[in-house]
Structures are given as C-alpha cells and as structure tokens.
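# Structural data only, the sequence is not supplied:
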C-alpha cells in the first residue's frame, strides 16, 4: 500500500499562509511553555507530521513534558498525535519509547473521569500494533463494567476492533459481549454489542434475538435498525429462517422511528413477495410520506413505491391502495404531487377510476380557493392533465369531468386553460354523446374568457347545432376556433403583451376588447368559424332568402373587421397574414364552391381527427414499451430455482441490499459494461505525459454523479529517487478540486497511485490541467516539472434523456436566452440515420412522434430534449434536408439550434455535436 493510500481517520484543515516553525522552537515550547503554548506547539507538530515531516527528536520531549499533563485539550491532541506518529523503526520493530506511552494509556483507562476513559478507548480502535494493545487488555475488559454508558459503549467498540484485527488477544470476545448484552440496559451499549455479535458471531446474535424477539418493539430505534440488518442478512443467507423472523419485521413496521419503519418495509419486500407483505410495506411507505415533513424524504420513499409498482405481481396489490396514495396530495411541494399523480395514474383501473376522479375533482375545486401562488397554477395544470388521461383511458368518466374543467376557461391561469381546451377538443371529437353538454357549457363560459392567448376550439360542435341556433348566437360564439394550416398543423398565436384595461374599457365585451387591443388573430379565427357556420347553414336551410341573409351578415362582420384593422382605432394594425385569411373567407362565401365547402367542413375536421388518433397511437405505443420493459421474460427451457433446494454457496449470487447501498454511497457501484469494447474502462484512461518523460503519468477518470475521481498512475522512469513528487492540479469551468494530493517519494523505477477528487457544479465541458513537480535525491538543482496533458470532462456523463409536452417545450424555447446554432457537416446521406446518430451522441430524446418522421420528403424537422442531473434543461431543434439536385449520394445538410438556460450548457452540447458528426463514417 502506498503512502497516499494509508488509512486516515483524522482530517485537519491546515492554514496555507502559515510558515512551518523550526524543531528547536517547538522543543522549547513543549519543554518550558505554559499549557496554552504547549497546546499550540502540539498542534503545529501534528500538522507537520501530517505533511510528511518525521520529527523523531520531539518524541521523547512530548513523553517527558506533555504526556503527564492532566489538561483535557492536551489529552485529546495527544490521542491524535499518537495515532499519526510513526511507532516502529524502519525494520518494523516497536520503538522502546512506546512502552512509556502504553503505560500512560493504561493509567488513562483507569482514570476516574469518564470522558478520558471513553476517548482513550476510541483511540485504541485505531491502533494497529498488537504489542501496544496486549498490556492494556485487562483494563479494557474492566471498562465493560464502568458505571457510565459512554465508557461501556466505547469499550465494546474497542473489543470488537481488537477481536477483528488480533483475535489472539481476546479469543473469548463474542462470549464476553454476549454476557454483557444480556445484562445491559443502555440502548447505545446494546446496539454496539449486538452489532459486534452480528459481525463476529452471528449464531450468538440470533440466540440473543430469539430470547427477546417479543420485546423488540420496546427497544430503542438504533438497536431496532441493527436487528433489521441482522434479520435481512440471516434470511438472505439461509431462506429457511424466514418464517422464524418475518413476524418480527411485521412488528417493526409499527415502530415509532421513521428510519426503522423504512428499513423494515424495504427488508420485508426483499424477503417476501406475498400480497399481505407487499400491502403492509406499501402502507408503511405511504404513512411515512404523509407524516414526514422533509420533502427529500417524501421523494425517496415515493421512489420506493414506484419501484414496487414496476414488479408485475405487486402492481395489483398497489391498485387497492390508490386512494391512500392520493392522501399524499396534501403535501404542498409540487415535485411530490407530480410523482404522486403519475403513480396514481399508472395504478388506476376500472375498479378505482371513479373514486380517483372524485378525489381529483375535489383537489381541482380546492385550488380555486387557495391564494394565488406559482405552484398552485402548476398543480392545477397537473390535475387537469391527470383528469384528461383518466377520461381518455376510461371514456365513461368524461361526462363527470368536463363540467368541472370548463370553469377553468374563465381562469387567469392560461396554462391550465390551454390544457382544458386540448382535452375538450379531444372529447368532442371522440365522444359524440357529449357534444350537447360541451356546447352548453361553452356558451355559459365563453363570455367570461379573459385571455386571448389560447382560443377555445369548439367549431365542430357549433356546426352540429347550426341548424337549430339563432344566427346571433352562432355569431357570438364564433371565435372559439383554432386555425389549421395547409399542412394540417395548428397555427399558434404569438404571445402579445396586453396592458391593463381602464375603467371604460372594462365594460367592453371580451371579443371586441381583444380586437381593439390589436389581437387580430382572434378575428381571423372568427372569420374561419363564421365561414364554416355559414356553409353549414346553407346546407341545412333550404330557403334562399334566409341563406343569403345569413351569409351577408357573416360577410359584413368580416368586412368591418378588415376596415377596423386598417383604421387607426386598434392599438396595433392588422397583420398581412390575418388580412389574407379574412379575404380568403370572404371569397369562399362569395363563390360557395363545392370544393371549398368540402375543404372547410370535412378536410379540416379529418386533419384534426388524424392528429388526435396519431397522438393516441403514440401514447399506446409508449405504454406498451413500458409494460414490455417491466415484464420478466422467462424462457421455456430455463431451470426452475427452488429456494428450499438451493445450495448455500449458490445463494451468494443474490445481491445483498445492504452491501449495494454501501457501494452506492461510496461511489463504487458496479455498472454493467456495454457490449461495445470501446465503452470499457480503458476508454476512460487518459495519457497525461509522454513515454520518454522522466515521470510517466496516466489517469482513469471515474464519474460518480456530482464527483469525479481521478486515479492517476505515476511511474518513475529514472534511476534516481524522486522526493516530494507532487501532483498539482487546476480546473477550468464549474469544477472544484476538493483537496491537494499528498507528496510522495518514488524509488527508482517505482510507481504509485494518486487519487484526486473533483466536485462538479453544473453541466458544461470542464478541463483539468496541471503538472508533476519533484526533487531528485542528492541533486542541488531546482525542482523539476513535467507538464501534464489536459483532461477533458465529458458532458455526456451528466445528461439524461427526458420528456416534456409540446407546450412546455415551446415555453422553454421562448424563455431560454442562450442559443447555439450548429451547421450540419457530415458525410451521412440518410436523414433518419443522421437524426439517430445525433440522439445517440448527445443522449437526447426525440419529442417529435415517429409517425411525423416516417416517410421520405427530402426534409426533416425534429425537437430534442434532455435534462442534466443538476436539473438543467437542454432543447434542440434539428432542421435537415437532402439536396436532391446533387444526386442520391449527396450528404445531409441543414443546421441544429440548441437552446439552454446557461451559456456553458449550450456551448458544450454544440461542441459535442460538432465532434461527433466529424467522426461519423458512412
């Protein structure tokens, strides 16, 4: 083991600007100074030893003049000093001076002050010299009977550590601790003793647990946690023991400690897949979410519930608990509510959909009574979307949901109103029986609509009623239609700023107010709707006079709107697009040709129907893919594994959850390597110096979420001893070096590994650069320096594919201020292949449906989205084409626009795309 990897229990912050004192001045302070100066001198000695100084001359001084002192601060510092000071000679023999130290600590273990006894026992856990520990064993044993719990619990830890490292010093430790545990009353002492038995003698631990298994609920939470760990390990290694201990785990679900309940529920799920066990664990998780105030805890426990749902056998059990899960909606945090609604939606079935809709309707009504808050609007939007999904999956519910949602149209929250309109548009297209209800509600709400930004889409149902409604009513309701362009897509209105109306303006009807404010897009929508209604009216009413009168009234309205737009009355003049649209509608009504009639009344509705059905198919396809992922496929010829017949050594292949969680915390999670050999660890090794340099260095870059660990291999290629060989690093970008690597001494042709930790703060390309400096032993020259190559940190380690709605994408696109436009420069000739290559190299997800990308027209446009682990959004729009005039082998051309909130993210993604498209081969 190299010096850089020695076990370190103590970390001390060293002031960088202080000058190192001389050994003579330190000796003088330690011999003749008062307690305060001795304390300061001892601190300096500790810092110097940690920095690699040896200071052998001070050892006897400290034993003679500092060790006998009774000051508690000095005693604490001495414990640190004896931990780090070299205790052996170069040939591995114990220093003679350490006998005096050993005697001093034997006295401290018999000291009347419990703090000195306890801290000395803690120090003994860190000693690795059996010769020092042997004379202290009787005193350590005696501490198990001390009156104070602080001494007793540290005595247990000391005995456990000594037994683990040097079993011959205390061979009867398990028996001793078992007897101690039986008679002990203090919770922390019992916990330490029980933990020792788990690791040292599991059978004794089980014997003790068997004697008190009925009293487990009365134990302290720290002891209960250790009991849960023991039961898990025992049942994991020996499944036949499950029946013996599973009742105990059930009882611990009722513990007063949230940590115990959480661990017990997790253990119960791994030990049993019986519906009653899953239900009890899920119920425990739900109670934890509701009772815990910390939102992070709520999110973690919600993730456990989502993991349970992923198992096909457990999903049905959780379906019965949907109503309990919905109790979590009382939490004000939006992220918790979002996850809860998604979970409830995944679990909803025909058995509980009615109850779910009732609860969601109540939540919707509650949001109206709450004072306006940013999260309230977003929560309302979430509720609307959830109700929308429920109604699409269970059409019988639509009639109950629509009346409640229609009230949102008069709401100031435009986002919720837009979601309601999308839902209403889909409902009216799919459910013929609800059209009358929707029309009725629309007529009630229309006069109260306050926002022009999103215009209601009710043209199809108005046409259904056109023969029965009076012309005035039809014209009044006219503007509730959204334009369909020639390509079959829906035109969106630009977000125009509107000022607060004055007292006089507040009396205007909404439609007139919008037009006078310059929002002529609504007037163009009105013209389209009037045209459709008029054509429908002509088809329904046979009397020529009424037909002409109706058409003339509609044309008069359009003409007056055109005049108004050209006049100086509105705040903004009418745009050319809107003029063309209204003029086209006037022309259609003048001529009344069958072709135009067909386009306006049939083709438009068919394009809406196609769009909705494509969207529905896309959703079904994604749900199918999700369910396929969850299904555990077992081949017909796979051997059946019976737990009872499995040999003990085969059980080890099962994953130990406690071990996995420990590895995850340490950042040593074993990731499955990709089949591609380039994706192996060797791909992450960066050569830092040349083979002919005196010092060769290479680094393995290990990324673990917010940390980067650089494992640098340093090789001395010379025949000289290199002293104070130091790796000096600096960073560029949002990277921060956590600590300076320690200096090393390298023998001729020796090598060592140096680890350096770097913290990452945001998603952008970071660069780590630096050099290696060293002194050559015996040379009088200055320090030597080898400059290292730069290490580039890949942004792809932090970016994950994500999904969002079209509305959210458009909103973010408008809000994000940083844009990076990348020109396509590739030798690929297929549009779809190029898009797939970009998705693979940037880790982004394509939001544009596959149906929209299918077919071939020489042009392709797609929206991409991804999210970093820091919560940063990245958007991209790919616009590419195949220049047909250059022949079939012409390369793809076009550009990719990237938008992000931060400049670093936009630039880094652009660099990544530029690099990846250059590497592409046909």
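Nice, I can see it. Bear in mind the structure is a predicted one, so any value in this text is a computation, not a measurement.
# hey, let's count contacts and neighbours off CA atoms from now on
Noted.
# Which residue of this protein lies farthest from its centroid?
The C-alpha centroid of the chain is most remote from residue 545, which lies 67.4 Å away (C-alpha atoms, centre = their mean).
# Quick check: which element contains that residue?
Here residue 545, judged by DSSP states H and E, is contained in helix 544-566.
# Show me which residues of that helix are buried.
Neighbour-count burial for helix 544-566 flags 547, 550-555, 558-559, 561-562, 564-565 (criterion: 16 or more other C-alpha atoms under 10 Å).
# following that helix, which helix or strand shows up next?
Using DSSP H and E, the next helix or strand after helix 544-566 towards the C-terminus is helix 576-591.
# returning to what we had before: by how many degrees do the helix holding residue 545 and helix 576-591 diverge?
Orientation check (axes from the mean of the first three to the mean of the last three C-alpha atoms, to 10 degrees): helix 544-566 against helix 576-591 gives 160 degrees.
# got a list of contacts for helix 544-566?
Here helix 544-566 makes contact (C-alpha atoms under 8 Å, 6 or more residues apart in numbering) with 471, 475, 518, 520, 523, 527, 530-531, 534, 537-538, 541, 570, 573-574, 579, 582, 586, 589.
# Domains in this protein, by residue range?
Split into domains by the TED database, the chain comes to 23-257, 348-447, 510-609, 693-793, 797-919.
# closest to residue 335 out of these?
Closest to residue 335 of the domains of the chain, according to C-alpha to C-alpha: domain 348-447, at 9.5 Å.
# Let me see the mean pLDDT of the closest one.
On average, the pLDDT along domain 348-447 is 77.
# Next: stretch 741-752.
86.
# Number the chain from 729, please
All set: I'll call the first residue 729, so the last point we hit is now stretch 1469-1480.
# gap between the two ends of that stretch?
End-to-end distance of stretch 1469-1480 (C-alpha to C-alpha, to the nearest Å): 12 Å.
# Turn the domains of the chain into TSV, including distance to residue 1011.
TSV is the format used below for these (distance: least, C-alpha to C-alpha, whole Å):
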stretch	distance to residue 1011
domain 751-985	9
domain 1076-1175	17
domain 1238-1337	43
domain 1421-1521	31
domain 1525-1647	30
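# which stretch in the ones you listed is the model least sure about?
domain 1076-1175 (a mean of 77).
# ok, which stretches of the stretch 979-1128 of the chain are helices?
986-999, 1003-1019, 1023-1038, 1040-1047, 1050-1053, 1062-1075, 1081-1097, 1102-1121, 1126-1134 (DSSP state H, counting those that start in this stretch).
# The fifth one - contacts with which helices or strands?
Secondary-structure packing of helix 1050-1053 (3 or more C-alpha pairs under 8 Å, 6 or more residues apart in numbering; DSSP states H and E): helix 1003-1019, helix 1062-1075, helix 1081-1097.
# Provide the contact partners of the first one at residue level.
Yep, that's helix 1003-1019 we're talking about. With C-alpha under 8 Å, 6+ apart as the test, helix 1003-1019 has contacts from 978, 981, 986, 989-990, 993-994, 996-997, 1000, 1025-1026, 1029-1030, 1032-1033, 1042, 1045-1046, 1049, 1052-1053, 1055-1056, 1059.
# Just the buried residues of these.
978, 981, 986, 989-990, 993-994, 996-997, 1026, 1029-1030, 1032-1033, 1042, 1045-1046, 1049, 1053, 1056, 1059.
# what sits against residue 1461?
Residue 1461 touches 1492, 1493, 1494, 1495, counting by C-alpha under 8 Å, 6+ apart.
# swap in residue 1516?
The contact partners of residue 1516, taken as C-alpha under 8 Å, 6+ apart, are 1416, 1417, 1497, 1498, 1499, 1500.
# pretty sure the third one is in a strand, no?
Spelled out, it's residue 1497. Yes - counting by DSSP: H, G, I helix; E, B strand; the rest coil, residue 1497 falls inside a strand.
# Which residue, neighbours along the chain excluded, lies closest to it?
residue 1518 (4.7 Å; C-alpha to C-alpha, 6 or more residues apart in numbering).
# hang on, the one you found packs against residue 1496?
Yes - counting by C-alpha atoms under 8 Å, residue 1496 is a contact partner of residue 1518 at 5.8 Å.
# So which of these two has more stuff around it?
Ranked by neighbour count (other C-alpha atoms under 10 Å), residue 1518 and residue 1496 place residue 1496 first, with 20 against 15.
# tell me the secondary structure for the closest residue to the more buried one other than its chain neighbours?
Using C-alpha to C-alpha, 6+ apart and skipping the chain neighbours, the partner closest in space to residue 1496 is residue 1459 (4.5 Å). For residue 1459, the secondary-structure state derived from three-state DSSP is strand.
# And residue 1459, how far from residue 1519?
As judged by C-alpha to C-alpha, residue 1459 and residue 1519 stand 9 Å apart.
# the more surrounded of these two?
residue 1519 (19 against 16).
# pretty sure that one is in contact with residue 1497, am I right?
Yes - with contact defined as C-alpha under 8 Å, residue 1519 reaches residue 1497; the gap is 6.3 Å.
# max-length helix in this protein?
If you go by DSSP state H, the chain has its longest helix at helix 1332-1358.
# buried stuff in it?
1332, 1333, 1335, 1336, 1339, 1340, 1342.
# residues near residue 938, how many?
Residues lying near residue 938 (other C-alpha under 10 Å) number 12.
# That one and residue 901, how far apart?
Residue 938 is 20 Å from residue 901, by C-alpha to C-alpha.
# and what of residue 965?
From residue 965 to residue 901 the distance is 24 Å (C-alpha to C-alpha).
# Same check on residue 1426?
Per C-alpha to C-alpha, residue 1426 is found 46 Å from residue 901.
# if we can go back for a sec, what about the contacts of residue 1461, which are in strands?
Assigned to strands by DSSP state E, the following of the contacts of residue 1461 qualify: 1494, 1495.
# what touches both of residue 1459 and residue 1519?
Residues within reach of residue 1459 and of residue 1519 at once, by C-alpha under 8 Å, 6+ apart, are 1495, 1496, 1497.
# so the last one touches residue 1514, yeah?
No - with contacts counted by C-alpha under 8 Å, residue 1497 stays clear of residue 1514, the gap being 11.8 Å.
# Out of these two, name the residue with the larger neighbour count.
Shown here are residue 1497 and residue 1514; by other C-alpha under 10 Å, residue 1514 has more neighbours (19 against 16).
# I'd assumed the more buried one was in a strand, is it?
Yes - under three-state DSSP, residue 1514 sits within a strand.
# Can you mark which positions in stretch 868-879 are buried?
Neighbour counts over stretch 868-879 (16+ other C-alpha under 10 Å) mark 868, 869, 871, 872, 874, 877, 878, 879 as buried.
# Give me the number of neighbouring residues for residue 1558.
Other residues close to residue 1558 by other C-alpha under 10 Å number 18.
# thinking again about what came up before, between residue 965 and residue 901, which is the more surrounded one?
Counted by other C-alpha under 10 Å, residue 965 and residue 901 do not tie: residue 901 has more neighbours, with 22 against 17.
# Quick check: the more buried one vs residue 868, distance?
12 Å.
# Can you name the residues that contact residue 1052?
By C-alpha under 8 Å, 6+ apart, the residues touching residue 1052 are 1011, 1014.
# Distance-wise, check it relative to residue 1012.
11 Å.
# can you check residue 1129 too?
32 Å.
# Wasn't residue 1420 part of a strand?
No - assigned with three-state DSSP, residue 1420 falls outside any strand and is coil.
# How many residues are close by it?
Using other C-alpha under 10 Å, residue 1420 has 8 neighbouring residues.
# how far away is it from residue 1501?
Between residue 1420 and residue 1501 the computed distance is 16 Å (C-alpha to C-alpha).
# Over to residue 1002?
Where residue 1501 is concerned, residue 1002 sits at a distance of 63 Å (C-alpha to C-alpha).
# do residue 1276 as well
Distance of residue 1276 to residue 1501, given as C-alpha to C-alpha: 95 Å.
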